[in-house]
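In: Structure for the following, please:
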Amino acid sequence: AGQWEEIQATSPDVLTGGTRGVIGGGNNPAALTDVEFVTISSTGNATDYADITDSRGALTALASRTRAVFACGYAPGDSNVLDFITIASGGTAQNFGDNTASGNNGARYAPAGVSNSTRGLIAGGQAVPAGTKYAEITYVTIAQTGNSVAFGDLTVARGDSGACANPTRGVFAGGSPGNNVIDFVNIATLGDAQDFGDLVGDSKRGCHG
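Out: Okay, here's the model as predicted:
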């Protein structure tokens, strides 16, 4: 009597950040609408369970634990479309908004995307057929639909960058035209990217994360 007992209750989802990974769009060789998922904790083929709103490749994706947002791409023609799915349930994607970066009315292919549980960033990208490269970064609040909002600029205008993130920082590496630049942003705050370092060796090229 009078003794406190502690009961720990945890979920694998809380510890691992989620159980499902989604892959959307692409080219085969024509642009695709398919969204497929894998269960990250097990091996096996992907399962088809959704579609984005239109066929496009060279797009990027942002996600929270609940929602995946697919951004921009090539349809053919540069796209500024943002759409989303609810990761747990799938189904045809719904309109989220538009990318509103100033260059090319926000339409671009091969931008880079990073996100944390709250905010997703769309960075850089290219225009077809002119080949213009962009430095602009915009962001969305993943839980709320709407157009993207200005965030800042990459240190170098480029498309095809590799990108990775933790809950605090987003990192962009390499890209086209060939460069070895690595820069970073703090996802929770607005502002231009800062120098992080360089890729090593002969890495002055486009790369994907």
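In: helices and strands of the chain: which one bottoms out on pLDDT?
Out: Here the helix or strand of the chain ranked lowest by mean pLDDT, DSSP states H and E is helix 12-16, holding a mean of 45.
In: Direction included, what does the next helix or strand along the chain from it pair up with?
Out: Using DSSP states H and E, the helix or strand that follows helix 12-16 towards the C-terminus is strand 20-24. Its sheet considered, strand 20-24 pairs with strand 34-39 (antiparallel) by DSSP bridges.
In: what's the following helix or strand after the strand it pairs with?
Out: strand 47-51.
In: Isn't Leu32 up against Gly25?
Out: Yes. With contact defined as CB atoms under 8 Å, Leu32 counts as touching Gly25 (5.7 Å). All C-beta spots, glycine's among them, are computed from the backbone N, C-alpha and C.
In: any common contacting residues for the two?
Out: Common contacts of Leu32 and Gly25, defined by CB atoms under 8 Å, 6 or more residues apart in numbering, comprise Ser55, Gly57.
In: quick one, which of those two is more surrounded?
Out: Gly25 (26 against 17; other CB atoms under 10 Å).
In: Could you list which residues are in contact with the nearest residue to the more buried one once chain neighbours are set aside?
Out: Excluding its sequence neighbours, the residue lying closest to Gly25 (CB to CB, 6 or more residues apart in numbering) is Leu59, at 4.9 Å. Neighbouring residues of Leu59 by CB under 8 Å, 6+ apart: Gly24, Gly25, Ile52, Phe70, Ala71, Cys72, Gly73, Tyr74, Ser79, Tyr109, Pro111.
In: Check Gly90 too.
Out: Val35, Phe37, Tyr49, Ala50.
In: rerun at 10 Å
Out: With contact set as CB atoms under 10 Å, 6 or more residues apart in numbering, Gly90 has these partners: Arg20, Val22, Val35, Glu36, Phe37, Thr47, Asp48, Tyr49, Ala50, Asp51.
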